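[1] Let's see this in three dimensions:
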Amino acid sequence: MDTLPITTAVLPDQKSKRLISLDALRGFDMFWIVSGEGIFHGLANGVKEKYALVQNPKDWTIATNEHLSMLERILINISNQLHHSPWNGFTFYDLIFPLFIFISGVSMPFSYQKYFDQKKAGNHSSKAIYKALIKRTLILILLGIIVNGLFKWNGYENTRFASVLARIGLSTFFAALIYLNFSLPKQIIWFFSILIAYYLIMVYVPVPHFGGGILTPEGNLSAYIDRLLLPGKLHRVVYDPEGLLSTIPAICSAMMGIFVGTFIKSASPLLNTSKKLAGLFIAGTLCLIAGLVWGLFFPVNKTMWTSSFVLFAGGWSILLFTIFYYIIDVKSLKKWSMPFVWIGTNSILIYICAHGLFNFESTSQFLFGGLISDMPMAWQQVGLWTGVLLVQLLLLKFLYDKKWFLKI
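    A predicted model of the protein is given here:
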């Protein structure tokens, strides 16, 4: 644990204030995978049982009918968005991972300001900052393998080495190297070069027994590289969604955050807050359009982390950040967001806890089991996961009040 804040982001117009919207957005993002999805799947399950609705076994979506109320339709639609696309396509759940990487990128221009100030003064230490970057990346890779069950000792062939945390570590590591060593114009060149190069090799490099440009789960180049080079177990047998080659375009997800952070942090007299908000909205919209257009040739696909996916998910990330930034930091409406801030300031910790370190479901059952058992069977999942959320928020608020943050 560390008693220092995780992010040192501040508003460009109000230097004494933290960029609370960044912590809140990170917490909003993490909320869905630590307890939010359980709550909304439970609500949808209650509606499904009530009306005997059918759930598609391929994409897990629940069909609606004319008997549902507006609220019930909304609950079903939210639940349907909390599943990954089976292959091509995009859901809200597909946004969660790239949004987290994007947020990490937004914080970099603020986090590394001290380094650039020292560099300008001639007393910086590049060695120290690169050492810290390497250490952080290696820790995240190790934590990812631990979350995957390293200490179950199931053998090398049954251990998954690729992970969500490893992709976060690697993508932000290389994005940071580009940010620290190149000017903004050259960063933009790097950004487009990576996306275009990834498109070209995925489409034109032939895969043995399949050929070139076969963008199926088995036939795409990224999956082939995983089968060829990735050690241990692949998450999906013939490919890994956090594999080797598909981590490269994820660097650009972090770089999109860097561009936004640089833009927000700009002290140019030509850019007041209103112009920055308008610029972010336009940029987000253009990225959505660009992603959709590129998707006609290179499908929007989270598993392959296609170039069109980077732009499309990045567009939504920019728009979400703009909304949070406007409401929380510009209009100073912060109180509603504090639960998300509690989550966001210890996001890696709660992710690790929720994915194996602690059994929050058992704790919820222990504390609220009596109340849950009194609920109709179809709605007990809602009760269980609401209890999980309460336990998590109590823990995270305690850590926040104590200023204890897991800083990696």
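[2] my guess is residue 237 is in a strand, correct?
    No: judged by DSSP: H, G, I helix; E, B strand; the rest coil, residue 237 forms no part of a strand; its state is coil.
[3] Tell me which residues touch it, please.
    For residue 237, the contact set (CB atoms under 8 Å, 6 or more residues apart in numbering) is empty. (C-beta placed from N, C-alpha, C; glycine too.)
[4] now it: how far from residue 190?
    Going from residue 237 to residue 190 by CB to CB, to the nearest Å gives 34 Å.
[5] same thing with residue 138?
    Residue 138 is 23 Å from residue 190, by CB to CB.
[6] The two - which one has more neighbours?
    Neighbour totals were compared for residue 138 and residue 190, and residue 190 leads with 20 against 13 (other CB atoms under 10 Å).
[7] Relative to the whole chain's centre, how far out is stretch 379-397?
    Relative to its parent chain, stretch 379-397 has a centroid offset of 21 Å by CA atoms, centre = their mean, to the nearest Å.
[8] err, stretch 144-153, not the other one
    On the basis of CA atoms, centre = their mean, stretch 144-153 sits 21 Å off its chain's mean C-alpha point.
[9] Ok, stretch 195-208 next?
    Distance, centroid of stretch 195-208 to centroid of chain: 25 Å (CA atoms, centre = their mean).
[10] OK, contacts around residue 242?
    Residue 242 neighbours (CB under 8 Å, 6+ apart): 162-164, 166-167, 235.
[11] Next, residue 55: phi, psi?
    phi -110, psi 130 (degrees, to the nearest 10).
[12] Residues touching stretch 118-132, excluding its own?
    112, 115-116, 180.
[13] what comes up buried for that stretch?
    residue 129 (16 or more other CB atoms under 10 Å).
[14] Only C-alpha atoms, please: export that stretch in PDB.
    Listed next in PDB are the C-alpha coordinates belonging to stretch 118-132 (Å, rounded to 0.1, in the frame of the first residue of the first chain):
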ATOM      1  CA  GLN A 118      13.500  18.300 -14.400                       C
ATOM      2  CA  LYS A 119      14.600  17.500 -18.000                       C
ATOM      3  CA  LYS A 120      14.200  21.200 -18.900                       C
ATOM      4  CA  ALA A 121      16.200  22.200 -15.900                       C
ATOM      5  CA  GLY A 122      18.900  19.800 -16.800                       C
ATOM      6  CA  ASN A 123      18.700  17.600 -13.700                       C
ATOM      7  CA  HIS A 124      16.500  14.700 -14.800                       C
ATOM      8  CA  SER A 125      17.200  11.000 -14.400                       C
ATOM      9  CA  SER A 126      16.000   9.000 -17.400                       C
ATOM     10  CA  LYS A 127      17.400   5.800 -15.800                       C
ATOM     11  CA  ALA A 128      15.100   6.200 -12.800                       C
ATOM     12  CA  ILE A 129      11.900   6.700 -14.800                       C
ATOM     13  CA  TYR A 130      12.700   3.800 -17.200                       C
ATOM     14  CA  LYS A 131      13.500   1.500 -14.200                       C
ATOM     15  CA  ALA A 132      10.100   2.400 -12.700                       C
END
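[15] pLDDT of it, averaged?
    The pLDDT scores in stretch 118-132 average 82.
[16] repeat for stretch 391-406
    Stretch 391-406 shows a mean pLDDT of 96.
[17] List only buried entries from the contacts of stretch 118-132.
    112, 180.
[18] Mind picking the two most distant members of the contacts of stretch 118-132?
    Largest separation among these by CB to CB: 116 and 180, giving 8.5 Å.
[19] what do those two both touch?
    Joint contacts of residue 116 and residue 180 (CB under 8 Å, 6+ apart) do not exist.
[20] Export the contacts of stretch 118-132 to CSV and append columns for distance to residue 45.
    Output for the contacts of stretch 118-132, formatted as CSV (distance: CB to CB, whole Å):
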residue, distance to residue 45
112, 45
115, 49
116, 51
180, 48
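[21] so where do the strands sit in the stretch 1-150 of the chain?
    Along the stretch 1-150 of the chain, no stretch is classed among the strands by DSSP state E, counting those that start in this stretch.
[22] What are the boundaries of the helices in it?
    In chain order, the stretch 1-150 of the chain shows helices spanning 20-31, 37-51, 70-81, 92-111, 113-121, 126-147, with DSSP state H, counting those that start in this stretch as the criterion.
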